[in-house]
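A.B. asks: Would you be able to build a 3D model of this:
(chains A, B, C and D)
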Protein chains: 2
Amino acid sequence: MTRPRSRRGGGRPTIADVARKAGVGAITVSRALREPGRVSEDLRRQIQAAVDELGYVPDPNARALASARAEVFGVLVPSLTNNVFAEVVRGIYDSLSDSPFRIQIGNTHYSGLEEERLLQVFGSQRPAALIVAGIDQTPGARRLLEKAGCPVVQVMETGPDPVDMMVGFSHFDGGRTAAEHLLEAGYRKIGFIGARMDPRSQRRLAGYRAAMEAAGLFDPRLITTTPVPSSVSLGRELFRDALAKMPTLDGVFCNNDDIALGVLFECRRASIDVPKQIGIAGFNDLDMMQVSFPSITSVRTHRYEIGTRAVAMALSAIAGNRPEQRIVDLGFELMRRESTAR
Amino acid sequence: MTRPRSRRGGGRPTIADVARKAGVGAITVSRALREPGRVSEDLRRQIQAAVDELGYVPDPNARALASARAEVFGVLVPSLTNNVFAEVVRGIYDSLSDSPFRIQIGNTHYSGLEEERLLQVFGSQRPAALIVAGIDQTPGARRLLEKAGCPVVQVMETGPDPVDMMVGFSHFDGGRTAAEHLLEAGYRKIGFIGARMDPRSQRRLAGYRAAMEAAGLFDPRLITTTPVPSSVSLGRELFRDALAKMPTLDGVFCNNDDIALGVLFECRRASIDVPKQIGIAGFNDLDMMQVSFPSITSVRTHRYEIGTRAVAMALSAIAGNRPEQRIVDLGFELMRRESTAR
DNA sequence: GCCTCACATGGTAGCGCTACCATTTGTCTG
DNA sequence: CAGACAAATGGTAGCGCTACCATGTGAGGC
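C.D. replies: From the prediction side, this is the model:
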């Protein structure tokens, strides 16, 4: 004796209700929804009518359980408020908005351990794809990615050894390009100011250092960094520190645009002429860099495109295609502006 | 004849594997994990050992299907890159990071229709709670929220008629306070500059207007708005427009801080003295407002706290408590700075 | 005209977990 | 010391969906 259970609150319609109403088998409804091509025109119309009338929406949990695959993209980023990652995430959302895939974001707070924990959690859902920021996973995280059984895209950076696929650019080259530009503009005592100093910042620093060493101008006292999260106010403070340490500074390459803006404000307050006395270059090229006064030179990065491209590659892999390129370098663009126009 | 199916790729351990290894029933494992208090110390230890050894992680999909409730918080925001919502979302994430709840974010792109669509999708998952930005849902969206069968928190704003609970503040009062401050500082021809003009911006405008009318100084030509998304560069352009329309302008209340910063930059470029010739006030009080030069007056809003408070209220409701207050007003704080110190 | 085969549809048996009962054991009352 | 009752544990039956296989039908080949 099995009386129907009514655990479910509203008792929303199930696939069986649709099947009954349309006068077909449940499996045919399932197919009509997922592979319309395999169901005859007639039935498809009938089923669609029943779906509309009942307001049927498939239960993604039941679907995931039965098919051993959730229609979920797992996305791991180190920060939600940093505009850089927010843009990448926006690209991901926009690219998936018309697909059946949901998105699950994890915030690692720049912690490898937290990343590992989140990968464990995500893995238990059997996601359709994973997109993770960075290429410096812990060995444990890397192992989890490798046995995730789904396409994996590492974003933000390119490197030699992808877990599966990669979309990004070379932060080393970006840092070097900015420093070389400052050198070409005639600056000599060029400082590096950086906050947070995650692995990507470290590589931008390395690029800066390579350029300075090639010019025979490197001096460790030119470098001012902190692990503290980046902000405009921090940029001001770090610049004051840098200037105290090395009063003859005549240029700065900033880790990112927030810092650069802070430096600009501090110059203004201290009546230091930009670009005459000090040249400033930032990184990422946020919208405000081109409208600040003076406008600020920055390395434009293609953050939104990193998100859209990562999704495109993952979708292609899900569809069963081999990727043409496992590693996609989207490059960057140096935007020369007033702040370095000596 | 039922031979075991091995659809599942890696064949990761299930609750039955743990139960077998620990020598108990599956249901006891389930309980040990969810309600440890109801399982004896001994078994709990035994089960934990088996879980650790096998690396068992419960399948959230199966769990959701069986219990008719997914451990998911659905969050709907109009933008992912707008710092305001990014901060709210960060508060939500931080508050839930140690809980079993996952988070599912939906980006409505400021569209009521898209919000409705996303609520439909979210509803099909039977989330544990819903957090939605704003109080101006379409009738359809409101209906979906009402029959969601879970706690609902509307955030960012307070209003008279919550679906369930609310956390935010009065944008009308915020706008009025900013305008009154400019009036007190001695400005008279105070413009309103706004981009995007979502419902919250509209109410800030209404607050500004109320203050100006009370002072007998309102003039529709003082208002410059656009539906275009907000940005620093847009702030510059809108300010130019405003000035062209009304050259005697001596103050501006900006919809948000990006716009305010754009106005400041434009003043600098056009050699307009701030605060002597023009007073500037922004909204939200982003970090950079206090370090810009001159620093910019702004209305500080408690965005992160909106996120944390919303989660706290939802968790309390999930735990079965009646909320002490259905409507929580977190207020705001006027930060007086150099840009309005005439 | 029979066989093959593709195509359309359906039935059955779970996916991994938990709700709902049962059952067992120990503890407390009168 | 019987009866009542709480605490601890387990069995059974699904949650709503899809993978797998079976069946029926008509077109095409020989």
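A.B. asks: name the element A:V311 belongs to?
C.D. replies: helix A:303-318 (DSSP states H and E).
A.B. asks: and the next element down the chain from that helix?
C.D. replies: Using DSSP H and E, the first helix or strand after helix A:303-318 is strand A:327-329.
A.B. asks: Which residues does the very next helix or strand once past that following strand contact?
C.D. replies: Remark: after strand A:327-329, the chain's next helix or strand is strand A:332-335, criterion DSSP H and E. With contact meaning Cβ atoms under 8 Å, 6 or more residues apart in numbering or on different chains, strand A:332-335 is reached by A:169, A:173-174, A:177-178, A:181, A:285, A:289-290, A:297-302. For every residue, glycine as well, the C-beta is placed using N, CA and C.
A.B. asks: hmm, 7 Å instead?
C.D. replies: A:F169, A:G174, A:T177, A:A178, A:H181, A:D285, A:T297, A:S298, A:V299, A:R300, A:T301 (Cβ atoms under 7 Å, 6 or more residues apart in numbering or on different chains).
A.B. asks: Might you report the residue contacts of the first one?
C.D. replies: Applying Cβ under 7 Å, 6+ apart, we find A:F169 in contact with A:T158, A:T301, A:D329, A:L330, A:G331, A:F332.
A.B. asks: Quick check: the gap between the fifth one and A:M289.
C.D. replies: Look at A:G331 and A:M289: by Cβ to Cβ, to the nearest Å, they are 18 Å apart.
A.B. asks: Over to the third one?
C.D. replies: As for A:D329, its distance to A:M289 is 23 Å (criterion: Cβ to Cβ).
A.B. asks: neighbour count winner among those two?
C.D. replies: Shown here are A:D329 and A:M289; by other Cβ atoms under 10 Å in any protein chain shown, A:M289 has more neighbours (26 against 14).
A.B. asks: So that one, which state does it fall into?
C.D. replies: Following DSSP: H, G, I helix; E, B strand; the rest coil, A:M289 is assigned to helix.
A.B. asks: what's near enough to touch it?
C.D. replies: Taking Cβ under 7 Å, 6+ apart, one finds A:D257, A:G282, A:S295, A:I296, A:S298 in contact with A:M289.
A.B. asks: where exactly do the helices run in chain A?
C.D. replies: Shown for chain A, the helices assigned by DSSP state H span residues A:15-22, A:26-34, A:41-54, A:60-67, A:83-96, A:112-123, A:139-146, A:171-184, A:199-214, A:232-245, A:257-269, A:303-318.
A.B. asks: Which stretch among the ones you listed is buried most, on average?
C.D. replies: Mean neighbour count (mean count of other Cβ atoms under 10 Å in any protein chain shown) peaks for helix A:257-269 among the helices of chain A, with a mean of 25.
A.B. asks: So which elements touch that one?
C.D. replies: Helix A:257-269 is packed against helix A:232-245, strand A:251-254, strand A:279-284, with contacts defined by 3 or more Cβ pairs under 7 Å, 6 or more residues apart in numbering or on different chains; DSSP states H and E.
A.B. asks: How about residues contacting it?
C.D. replies: Counting by Cβ under 7 Å, 6+ apart, A:193, A:195, A:230-236, A:238-240, A:252, A:254, A:274, A:278, A:280-286, A:288-289, A:292, A:296, A:298, A:339, B:288, B:291-293 sit against helix A:257-269.
A.B. asks: Show me which residues of the stretch 101-250 of chain A sit near chain B.
C.D. replies: A:102, A:104-105, A:107, A:120, A:124-125, A:147, A:149, A:231-233, A:236 (Cβ under 7 Å from any Cβ of the partner chain).
A.B. asks: ok, A:L96 touching A:F73?
C.D. replies: Yes. Contact criterion Cβ atoms under 7 Å: A:L96 and A:F73 qualify, at 6.3 Å.
A.B. asks: Show me the common contact partners of the two, please.
C.D. replies: A:I103.
A.B. asks: ok, A:M212 touching A:F218?
C.D. replies: Yes. Applying Cβ under 7 Å as the test, A:M212 and A:F218 come out as touching, 3.9 Å apart.
A.B. asks: Now A:A129. Nearest residue, chain neighbours left out?
C.D. replies: Closest residue to A:A129 apart from its sequence neighbours, by Cβ to Cβ, 6 or more residues apart in numbering or on different chains: A:A314 at 3.9 Å.
A.B. asks: ok, back up a step: so which of the contacts of A:F169 reach DNA strand D?
C.D. replies: Checked against DNA strand D using Cβ under 7 Å from any atom of the strand, the contacts of A:F169 yield no neighbours at all.
A.B. asks: Provide a list of residues in contact with the closest residue to A:G168 other than its chain neighbours.
C.D. replies: In this structure, A:G168 finds its nearest non-sequential neighbour in A:E157, 4.2 Å apart by Cβ to Cβ, 6+ apart. Neighbour list for A:E157: A:G134, A:I135, A:G168, A:H171, A:R200 [criterion: Cβ under 7 Å, 6+ apart].
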